[in-house]
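Undergrad: Predicted model and sequence follow; I will ask about them next.
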Amino acid sequence: DAMVIQNPRYQVTQFGKPVTLSCSQTLNHNVMYWYQQKSSQAPKLLFHYYDKDFNNEADTPDNFQSRRPNTSFCFLDIRSPGLGDAAMYLCATSRADGYSNQPQHFGDGTRLSIL
Amino acid sequence: DAKTTQPPSMDCAEGRAANLPCNHSTISGNEYVYWYRQIHSQGPQYIIHGLKNNETNEMASLIITEDRKSSTLILPHATLRDTAVYYCIVRAPRSGNTGKLIFGQGTTLQVKP
C-alpha cells in the first residue's frame, strides 16, 4: 500500500549522461517536492510543484529540472550529471490548501550513482 | 521558519522510553513543531506535529513547553526498529502553503538491546 513510489530505487549513470528519476503518488496530493540528500547530510529541497506551478529553490543548479505531467506523477531530470550529483533523491507530497499544516509524505528515494 | 537545536546522538535501552529533546527558542506564535524520522536507506517518515498542546498518536507523544521554546518527542517503549535519525522541524503554515521542510542535522537515536 505504498503511497509515494519512487523508481528505480537505485540508478547508475555515466558522467554527463542525462538521467530521469520518477515519482508517483496515490494520495491525490496537490504538492510534490524533490529533495536531494547527500551522504551523511540532511535532505535539502530542490524544487516543488504546487498543482502545475513550478517553484525552484534559489540555489538549485540549472542542471536539475522537473516535469509534472499530471497530479500523480513527477519527474526529476538531471541534464548532465556530475560526480557531485551522486546522492539520494527523495520525492514527497502534501496536501496544501489556504491555511495548511499538513505533513509531507516521502517515498523511499532513488540512490543515484555516477560513474 | 525558526531554527531548531537537537543533540547529535542519544542511546536508549530497548523497552524503555526514548525522550528526544528539541530547542526552538525563536519559534513564533503560528509555527508548528514537526517530527520526522529517517531509518537507514529509507525516506523520512512523518511522526507527529503540534502547535502548543501536547499531542499523542500511535507512534509517539509530543510535549511542548508552555513558552513553546522547546519540545520533547517521546517514544514510550523503544524497539530496535526505532533506531533512526530524528528530525525536529519548525514550520509556519501560510496561505497557499507549500510548506518546504528545512532539515537540521537531527538526533541519531540508537536503541540497544
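TA: Cool, the structure landed. Keep in mind the model is a prediction, meaning the values are calculated, not measured.

Undergrad: Break down chain A into its strands, ranges please.
TA: A:4-7, A:10-13, A:19-25, A:31-37, A:44-50, A:53-56, A:64-67, A:73-78, A:87-94, A:105-106, A:110-114 (DSSP state E).

Undergrad: angle of the fifth one against strand A:73-78?
TA: In terms of direction (axes from the mean of the first three to the mean of the last three C-alpha atoms, to 10 degrees), strand A:44-50 departs from strand A:73-78 by 140 degrees.

Undergrad: which other helices and strands contact strand A:44-50?
TA: If you count contacts as 3 or more C-beta pairs under 8 Å, 6 or more residues apart in numbering or on different chains; DSSP states H and E, strand A:44-50 packs onto strand A:31-37, strand A:53-56, strand A:64-67. All C-beta atoms are positioned from the backbone trio N, CA, C, and that covers glycine.

Undergrad: show me where chain B has strands.
TA: According to DSSP E, the strands that chain B contains are B:9-13, B:18-23, B:32-38, B:45-50, B:55-56, B:61-64, B:70-75, B:84-91, B:107-112.

Undergrad: How about the contacts made by the closest residue to residue A:42 other than its chain neighbours?
TA: Distances taken as C-beta to C-beta, 6 or more residues apart in numbering or on different chains put residue B:103 closest to residue A:42, at 3.6 Å, once the chain neighbours are dropped. By C-beta atoms under 8 Å, 6 or more residues apart in numbering or on different chains, the contact set of residue B:103 is A:42-44, B:36, B:44, B:87, B:89.
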